[in-house]
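Peer 1: coordinates only, sequence not included:
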């Protein structure tokens, strides 16, 4: 499993992803699920991936290779003129990779599936955020649905729904995401730290702060331990049910 | 879908269940998923059910009929000597009902499955709480795992994990459960109010307060609206992430 979130703020875009992959409970590894591309001053694009690791790695490798292949006629992630075209390129690549593996033998529901979050900004357009499905179609975030989750989405969703505010600072958004990730980690063994994060500052057209928060990071510990008490206080602040 | 919780407190047992059943998104109905039996001064037992409605109704009907069938040699829910035997009786009934329907035609993974929570007290023993699986086996709650959820369990779990306290009053427990149910309702259309609840007061050996909270109940509205603000305040009480 996996847990990744991409979120639109007034100030830009925030991304966070866990790093655990597993094949069964007794075969776990750490892989980065966040990939970024930039041409400073012109574009900055970030991709989060959940699903079959062979599929998502193949998608990223194909996207990585194209910009370097001279004479390549296909558009590349560093060449497409808009975020919409970037989403189409990534979606087409995803569908091709899945179709290739499916043809090689998978019979039932595709075990090669993957779902992606793509966000960023290309000069001339606003920051945009997409969720891309294994079928190669995609949807875009809006003020009604300002964030996307992929992977193990349920445990961490209620806090996002309740506490998300587009006016949040990046610092507050990271706090919110860590609470959401911590709730998920506490409930599902197949989601785990370290967590990768990335802020994209609107109109900066370059990759801004990127970092990794390890399981023993003092701030994560503080949030994880402090959130239980904060929740209990929140519950106490509401009146008890009155028995008649 | 469904959402039900059974919880052990020092003061006794608390149960809550939603009432929505659905076959597709466009065919929804309201059914009570909580059933209770009592012999005042001797036993009080409550059953919560999730899963195939035909199965759970058949289980309840069979359990209801047996105590009234004079000369019936099978033990009845009002006759078994302990909560463990009550759980065995319910589990056996559940397995029989599923096997009967499965034999009539279901080929793949059973669509007739159901999962139950059974709790209560029979004179001579302590209050006990069980989760019963469609295979007819069951597990018992303990101080390590003091509550069980069935149905759509994920959205409402983090708050229970963080804020549950065995020393809670019934009134505080209902508040906690309503927050958990409200988070679930906001995320899954197949879970819905009204919510049925029941408190069993330890050693009372009778059904105590039972009630139903409708969607327009003022207290539920207060919790639903107040929880968003309470959560935001909780988040604000923790320090923001520090960008270097």
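Peer 2: Structure received. Just so we're clear, the structure is a prediction, and the values are computed from it rather than from any experiment.

Peer 1: Which strands or helices does the helix or strand hosting residue A:222 pack on?
Peer 2: With elements delineated by DSSP states H and E, residue A:222 resides in helix A:218-236, which encompasses its position. Contacting helix A:218-236 under the criterion 3 or more C-beta pairs under 8 Å, 6 or more residues apart in numbering or on different chains; DSSP states H and E are the following elements: helix A:170-187, helix B:157-163, helix B:170-187, helix B:218-236. Yep, even glycine has a C-beta here, placed from its N, CA and C like the rest.

Peer 1: can you rerun that using 10 Å?
Peer 2: When contacts are defined as 3 or more C-beta pairs under 10 Å, 6 or more residues apart in numbering or on different chains; DSSP states H and E, helix A:218-236 packs onto helix A:170-187, strand A:210-213, helix B:157-163, helix B:170-187, helix B:218-236.

Peer 1: And the average pLDDT for the third one is what?
Peer 2: Averaging pLDDT along helix B:157-163 yields 94.

Peer 1: if you go through chain A in chain order, where are the strands?
Peer 2: All strands of chain A, identified by DSSP state E, fall at A:3-9, A:12-17, A:20-22, A:28-30, A:34-39, A:43-51, A:114-122, A:128-132, A:138-140, A:147-151, A:195-201, A:210-213.

Peer 1: residue contacts, residue A:90?
Peer 2: Residue A:90 is in contact with A:45, A:47, A:49, A:59-60, A:62-63, A:77, A:80, A:116, A:118, A:130, A:132, A:136, A:138, counting by C-beta atoms under 10 Å, 6 or more residues apart in numbering or on different chains.

Peer 1: same thing but 8 Å
Peer 2: A:47, A:59, A:63, A:77, A:116, A:118, A:132 (C-beta atoms under 8 Å, 6 or more residues apart in numbering or on different chains).

Peer 1: what's the burial count for the third one?
Peer 2: Applying other C-beta atoms under 10 Å in any protein chain shown, we find 21 residues neighbouring residue A:63.

Peer 1: any idea how far chain B is from it?
Peer 2: 28 Å (C-beta to the nearest C-beta, to the nearest Å).

Peer 1: I figured that residue hits residue A:93, correct?
Peer 2: Yes - A contact is recorded between residue A:63 and residue A:93 when judged using C-beta atoms under 8 Å, the distance being 6.1 Å.

Peer 1: Could you check the pLDDT of residue A:27?
Peer 2: pLDDT, the model's per-residue confidence, is 88 for residue A:27.

Peer 1: Residue A:42 too?
Peer 2: Looking at residue A:42, its pLDDT stands at 97.

Peer 1: about what we covered before: which one of the helices and strands packed on helix A:218-236 lies closest to residue B:2?
Peer 2: Nearest to residue B:2 among those is helix B:170-187 (10.0 Å), distances taken as C-beta to C-beta.

Peer 1: helices or strands up against the closest one?
Peer 2: Taking 3+ C-beta pairs under 8 Å, 6+ apart as contact, the helices and strands that helix B:170-187 lies on are helix A:157-163, helix A:218-236, strand B:3-9, strand B:12-17, helix B:157-163, strand B:195-201, helix B:218-236.

Peer 1: Can you lay out these as JSON lines showing distance to residue A:104 and mean neighbour count?
Peer 2: Listed next are the helices and strands packed on helix B:170-187 as JSON lines, based on distance: least, C-beta to C-beta, whole Å; neighbours: other C-beta atoms under 10 Å in any protein chain shown:
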{"stretch": "helix A:157-163", "distance to residue A:104": "35", "mean neighbour count": "21"}
{"stretch": "helix A:218-236", "distance to residue A:104": "41", "mean neighbour count": "17"}
{"stretch": "strand B:3-9", "distance to residue A:104": "41", "mean neighbour count": "26"}
{"stretch": "strand B:12-17", "distance to residue A:104": "47", "mean neighbour count": "25"}
{"stretch": "helix B:157-163", "distance to residue A:104": "38", "mean neighbour count": "21"}
{"stretch": "strand B:195-201", "distance to residue A:104": "50", "mean neighbour count": "23"}
{"stretch": "helix B:218-236", "distance to residue A:104": "47", "mean neighbour count": "17"}
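
Peer 1: any chance of these in JSON lines, plus distance to residue A:88?
Peer 2: Rendered in JSON lines, the data for the helices and strands packed on helix B:170-187 read as follows (distance: least, C-beta to C-beta, whole Å):
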{"stretch": "helix A:157-163", "distance to residue A:88": "27"}
{"stretch": "helix A:218-236", "distance to residue A:88": "36"}
{"stretch": "strand B:3-9", "distance to residue A:88": "39"}
{"stretch": "strand B:12-17", "distance to residue A:88": "46"}
{"stretch": "helix B:157-163", "distance to residue A:88": "36"}
{"stretch": "strand B:195-201", "distance to residue A:88": "45"}
{"stretch": "helix B:218-236", "distance to residue A:88": "37"}
